[in-house]
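> Predicted model and sequence below, questions to follow.
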Amino acid sequence: MEEAQRELCKKYSADFFRSPTESKIGIAVNVKSGITPTNGLRHPPKGDTTGWYIYAGPEISSEPDFFKPLHVAHLDDWCPQIIKYLGLPPGWRFLVAGDYEDVWFDESLLGSE
């Protein structure tokens, strides 16, 4: 999958930034529901996390338990179509719905906790 991640980074002129399979992402349970779009945003990693937060639907929830920790290795069971985006570096976002794909840099993510 790393090759697909590198290709996607190249497509968007972004540096490749690995998301090790033993590291964690924050993922919303609604990702398994089939709600679209699927959204991802990456803060700078801390500790054993990648900095990625993944959720489904048009809005992110402010509920404290909205995101659950999940090892990258288990994404195949949750949302395999987003794995190719996990090589994007901190500060990047994506939104996918079927064949629609939007990927962009959001500098505000770099200073967020």
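Cool, got the structure.

> Find the residue closest to R93 in space, skipping its chain neighbours.
Distances taken as C-beta to C-beta, 6 or more residues apart in numbering place L41 nearest to R93, at 4.6 Å, with adjacent residues excluded. All C-beta spots, glycine's among them, are computed from the backbone N, C-alpha and C.

> Name the helix or strand for the one you found, please.
Using DSSP states H and E, L41 maps to strand 38-42.

> other SSEs contacting that strand?
strand 49-56, strand 92-97 (3 or more C-beta pairs under 8 Å, 6 or more residues apart in numbering; DSSP states H and E).

> between those, which gets nearest to P20?
Nearest to P20, of all these, is strand 49-56, at 7.5 Å by C-beta to C-beta.

> residues of whichever helix or strand comes after that closest one that come out buried?
Downstream of strand 49-56, the first helix or strand assigned by DSSP H and E is strand 67-71. Buried residues in strand 67-71, counting neighbours by 16 or more other C-beta atoms under 10 Å, are found at 67, 70.

> Could you give the average pLDDT over the helix or strand that comes right after strand 67-71?
Using DSSP H and E, the helix or strand that follows strand 67-71 in sequence is helix 75-78. Mean per-residue pLDDT for helix 75-78: 92.

> swap in stretch 16-31?
96.

> Could you check the pLDDT of the spatially closest residue to P58 that is not a sequence neighbour?
In space, and not counting its chain neighbours, P58 is closest to P37: 7.3 Å by C-beta to C-beta, 6+ apart. P37 carries a pLDDT value of 96.

> Pretty sure P37 sits against F94.
No: contact between P37 and F94 fails when scored by C-beta atoms under 8 Å: they sit 9.3 Å apart.

> which residues sit against the helix or strand of the chain at the bottom of the mean pLDDT ranking?
Sorting the helices and strands of the chain by mean pLDDT, DSSP states H and E puts helix 75-78 at the bottom, at a mean of 92. Helix 75-78 has contacts (C-beta atoms under 8 Å, 6 or more residues apart in numbering) with 25, 27, 31-32, 70, 82-83, 86.
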